[in-house]
Every structure is written in structure tokens, then in C-alpha cells.
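Colleague: Based on what follows, work out the 3D shape:
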Amino acid sequence: MSDLVRWAAFSCAVVPLVLVLCGASATGALGTAVGLATVTAACRALLRQSERTASRPSPDEIAPHRGRHSRTGTGAHRGGRRSEGRTPEE
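Modeller: Predicted structure coming up:
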């Protein structure tokens, strides 16, 4: 992306210069420079947002929530009743 922004900044400087050399008014060239700078800034912001969005994992790739403490397992302390020393006959 940085190369793209550099070229855009270069064009923001070169285009008004060429316009003045070709006979356009300085005011018109200045307006063109401001317009190009505005478009460049907007495009840069959109590119950054799309890069951030692309770097996020998709909802399909995110692991599901596994409970209060994010542990798995079905040990005796996971909702089951403990049989502390009791025999099945009790």
C-alpha cells in the first residue's frame, strides 16, 4: 500500500505543475491539487480499512465459546455428581 500512496502523492504534486506549465491558472492548479489530495486521503483510508478487515478471521474460523472458563472436559467437577467414597449400593 505504501507504494500506492507514494505514487498518489507524487501525482498530487506533478499534475498541478503540468497544468501551470500548459497554461492553466494557478488557482485552477491549486484547486486540482486540493482535490487530488482529498481523493488520495479517502482512498488511503479505505485501503487501510479493507486491509484491517481482511486480516480479521472470518466467523467460520473463530472457535466457538466453550464455557465460563474456556475449558473442555467432563470430569467429576464439570456438572456431574461426585461419588466421594460412596459405593453403588448406598
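
Colleague: Just give me the longest helix of this structure.
Modeller: When the chain is parsed with DSSP state H, its longest helix is helix 26-55.

Colleague: What are the buried residues along that one?
Modeller: Using 16 or more other C-beta atoms under 10 Å as the test for burial, helix 26-55 gives 29, 32-33, 36, 40, 44. The way it works is simple: take the backbone N, C-alpha and C, and place the C-beta from them, glycine included.

Colleague: out of those residues, who's nearest W7?
Modeller: W7 has its nearest neighbour among those in T40, at 9.5 Å by C-beta to C-beta.

Colleague: For the closest one, give me its contacts.
Modeller: By C-beta atoms under 8 Å, 6 or more residues apart in numbering, the contact set of T40 is 5, 8-9, 12.

Colleague: which of those residues tops the neighbour count?
Modeller: Neighbour counts for those peak at C12, which has 19 neighbours (criterion: other C-beta atoms under 10 Å).

Colleague: out of everything not next to it in sequence, what's closest to that residue?
Modeller: Residue nearest to C12 in three dimensions, not counting chain neighbours: L36, with 4.5 Å by C-beta to C-beta, 6 or more residues apart in numbering.

Colleague: Assign P57 to helix, strand or coil.
Modeller: Following DSSP: H, G, I helix; E, B strand; the rest coil, P57 is assigned to coil.

Colleague: What's the local residue count around it?
Modeller: Counted with other C-beta under 10 Å, the neighbours of P57 add up to 8.

Colleague: For it, what are phi and psi?
Modeller: Dihedral pair for P57: phi -70, psi 150, per degrees, to the nearest 10.

Colleague: Same check on S25?
Modeller: Residue torsions, per degrees, to the nearest 10, at S25 are phi -70, psi 160.

Colleague: Next, work out how far apart it and R44 are.
Modeller: S25 sits 28 Å away from R44, going by C-beta to C-beta, to the nearest Å.

Colleague: repeat for L17
Modeller: For L17 relative to R44 (C-beta to C-beta), the value is 22 Å.

Colleague: One more: V15?
Modeller: 17 Å.
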